[in-house]
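Chemist: Return a 3D structure for these sequence lines:
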Amino acid sequence: MAEYILGQASILAVWDGTDSYDPLVCLTSHNLSESVEEIATRTKCDAAGATQKKAGAYSYEIGFEGVYSKPEASKIGWVTLKNKLRSLGNFDWRITTTYADASTEIEYGSGFFSNLELTANLDEDITFSGSLMGSGLITDTDPNA
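Modeler: Reported below is the predicted structural model:
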C-alpha cells in the first residue's frame, strides 16, 4: 500500500549566503509548479499540414503561504523575505521531504522572489504569501556543498 506523506514533512528553505539553508518561518503551505513551453511548427513536408511539436523553455515557480511571526534563530522571517525581494538578486533554495523511515528527497535550485504579500485582517493572524521564480534547472546536487 502507498505511504501518504503529510505536508509538514516537506520543508522549503533558503540559503543564508554563508553556511546554511534556513526554513521560512511558520509556513502553512508551499507548492512547486514546473512547466515546459510548447514549440509548434508546420512545414510543407508534414503530411496533410500536421503540426510538429517539441519541448521548448523549461520554467518553474514555488508559491508559499505562512503566518507572520517573529523569526526564531536560523529561520527566515518577513523582514528577510522582503529584503531578498528588494535586492533583485538570485539565491539558492532547497526543498527537503522526509519519509516515515527517515530517508529524504532533496531538491535544489536558484531563483528570485517575484512577489510578496502581507495581509493583516482585524482579529486574525497576520499572514504572508509569495512566489519564487526559478532560474535554471532543479537538481538533486547542493550548489553550496
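
Chemist: centroid residue for this protein?
Modeler: Ile62 (2.9 Å; Cα atoms, centre = their mean).

Chemist: residue ranges for the strands of this protein, please.
Modeler: Ranges of strands in the chain, per DSSP state E, are 10-15, 21-23, 27-41, 52-67, 91-98, 104-119, 127-139.

Chemist: Mind putting these into JSON lines with distance to Trp78?
Modeler: All C-beta atoms are positioned from the backbone trio N, CA, C, and that covers glycine. Output for these, formatted as JSON lines (distance: least, Cβ to Cβ, whole Å):
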{"stretch": "strand 10-15", "distance to Trp78": "13"}
{"stretch": "strand 21-23", "distance to Trp78": "13"}
{"stretch": "strand 27-41", "distance to Trp78": "12"}
{"stretch": "strand 52-67", "distance to Trp78": "9"}
{"stretch": "strand 91-98", "distance to Trp78": "16"}
{"stretch": "strand 104-119", "distance to Trp78": "7"}
{"stretch": "strand 127-139", "distance to Trp78": "6"}
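
Chemist: May I see those organised as JSON lines, with mean pLDDT added?
Modeler: Output for those, formatted as JSON lines (pLDDT from 0 to 100):
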{"stretch": "strand 10-15", "mean pLDDT": "95"}
{"stretch": "strand 21-23", "mean pLDDT": "95"}
{"stretch": "strand 27-41", "mean pLDDT": "94"}
{"stretch": "strand 52-67", "mean pLDDT": "94"}
{"stretch": "strand 91-98", "mean pLDDT": "96"}
{"stretch": "strand 104-119", "mean pLDDT": "96"}
{"stretch": "strand 127-139", "mean pLDDT": "96"}
